[in-house]
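Q: Everything below, folded, please.
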Amino acid sequence: MVKQKIKWLLFHEPVELFIRTAKDFQVHLNELTNSKYEIEILTIADYQDKYLDGMICDPFTELKEGRVQVSQIYADSFEHATDFFALSMPYLFESHDHAARVFEGDVGKKLFDHLYERTGVRGLAYTYSGGYRCTASNTPINNVEDFCGKTFQRSTNPILASMIDLMKAKKVSNIGSEKVEADIIQTTYPRYHADASSLQKYVADTRHSMYLTTILLNDDFMSSLSAEDKAHFSEAALRASRKERVQSVADGEKIKNSKETQEELGIQEVIMWSDDEVAKLQTLLSPLYKQYENFFSFDVLNQIKKLKN
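A: Next comes the predicted model:
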């Protein structure tokens, strides 16, 4: 049997955080389809060199127009599917189990329907880009007051930008040596080495929102599949996403709790915030729920809240 070849484009860095999901997806798809498909996993640089003679491309466009069949993309990067910004709201998810109920239930499906309506791209599953966000900074952030007057990495996500305003901090531009210019960046433990500069060596365990990605499929390719294989692709994505979320959490816990691992990454100190300090930040950021209550196309925030234990 001749295998059908498809391309999986790694949209983001760090590559090692995303490539394992692609590889796990391949394993599960092989099991479900008797190895009917062969997946070529490509970084953006590899794809541009191999298929575009080095020309710069927009990865989402490559996916949408079918030159790439599968990709894994940040959930807050869909500028035309603004309902996804809801997933960045502060302290939205009370636990990883709560997040899974959202992703794998009606809310997750509604968000993917919204994405398809706005972009024509199909969503298969939700994954982490490290899970809960923390901050990395060039001086210790021990409490909410320490954010005041500091500069943050600017975000195109309006929710994250509004958070920075409520913290009474400032934003720096998205160009040039931004990592060095910003006093603080928002990251996750598994992403720290890719996001932070050598100056941002203090990590505060704020847990203020989730850093999420999505596994996406080109619509024409999805339509070309048999009903059975459509189900296989969805199942393979679900299995890979569940494993990746568990791995991201484990990676984060290892960094958080291992001084040796912190030293290897260049982290000078992980500052564990008390529940009281986290509650203060949650209170400070709570006005965003009123500010954005009419921003989304459906009552996504209330529906997510109802799924809490």
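
Q: ok, which stretches of this protein are helices?
A: With DSSP state H, the ranges of helices along the chain come out as 15-33, 44-51, 59-64, 96-103, 106-119, 158-166, 178-181, 192-195, 219-224, 227-257, 259-265, 275-285, 287-291, 300-306.

Q: how about the nearest residue to V70, chain neighbours excluded?
A: Once flanking residues are discounted, V70 sits nearest to W8: 4.4 Å by CB to CB, 6 or more residues apart in numbering. Where you see a C-beta, it was placed from the backbone N, CA and C, and this is true even at glycine.

Q: mind listing what P190 touches?
A: 14, 17, 129-131, 248, 251-252, 255 (CB atoms under 8 Å, 6 or more residues apart in numbering).

Q: The residue nearest to V70 against E40, yeah?
A: Yes. W8 is in contact with E40 according to CB atoms under 8 Å; the separation is 6.9 Å.

Q: neighbour count winner among those two?
A: Neighbours per residue, other CB atoms under 10 Å: of W8 and E40, the larger number sits with W8, 24 against 16.

Q: where's that one relative to Y126, distance?
A: Per CB to CB, to the nearest Å, W8 is found 17 Å from Y126.

Q: closest one to K150 among the helices of the chain?
A: Nearest to K150, of all those, is helix 158-166, at 9.3 Å by CB to CB.

Q: Quick one: residues contacting the residue positioned nearest the centre of the chain.
A: The centroid of the chain falls nearest to L212 when counting by CA atoms, centre = their mean (2.4 Å). Contact analysis of L212 by CB under 8 Å, 6+ apart lists 74-76, 87, 126-129.

Q: Specify the beta-bridge partners of the residue nearest to V70.
A: Note on W8: beta-bridge partners by DSSP bridges are I41, V70.

Q: gap between it and Q69?
A: 7 Å.

Q: now L288
A: Using CB to CB, L288 is found at 36 Å from Q69.

Q: Next one: Y211 from L29, what distance?
A: Where L29 is concerned, Y211 sits at a distance of 26 Å (CB to CB).

Q: correction: L9
A: For L9, the distance to L29 - CB to CB - is 16 Å.

Q: do the same with F18
A: Distance from F18 to L29, by CB to CB: 17 Å.

Q: What of Y126?
A: In this view, Y126 and L29 are 18 Å apart by CB to CB.

Q: How about residues contacting stretch 226-241?
A: Against stretch 226-241 from outside (CB under 8 Å, 6+ apart): 21-22, 24-25, 28-29, 32-33, 36, 103-104, 124-127, 215, 217, 222, 225.

Q: Among the contacts of L212, name the buried ones.
A: 75-76, 87, 126-129 (16 or more other CB atoms under 10 Å).

Q: about what we covered before: of the contacts of P190, which is the nearest to R154?
A: Nearest member of the contacts of P190 to R154, counting by CB to CB, is S129, at 18.2 Å.

Q: Could you give the number of residues near the nearest residue to T33 once chain neighbours are set aside?
A: Closest residue to T33 apart from its sequence neighbours, by CB to CB, 6+ apart: H232 at 5.3 Å. Residues lying near H232 (other CB under 10 Å) number 20.

Q: Quickly note the distance from the residue nearest to the centre of the chain to S88.
A: Distance from L212 to S88, counting by CB to CB: 8 Å.

Q: overlap in contacts of these two?
A: 75-76.
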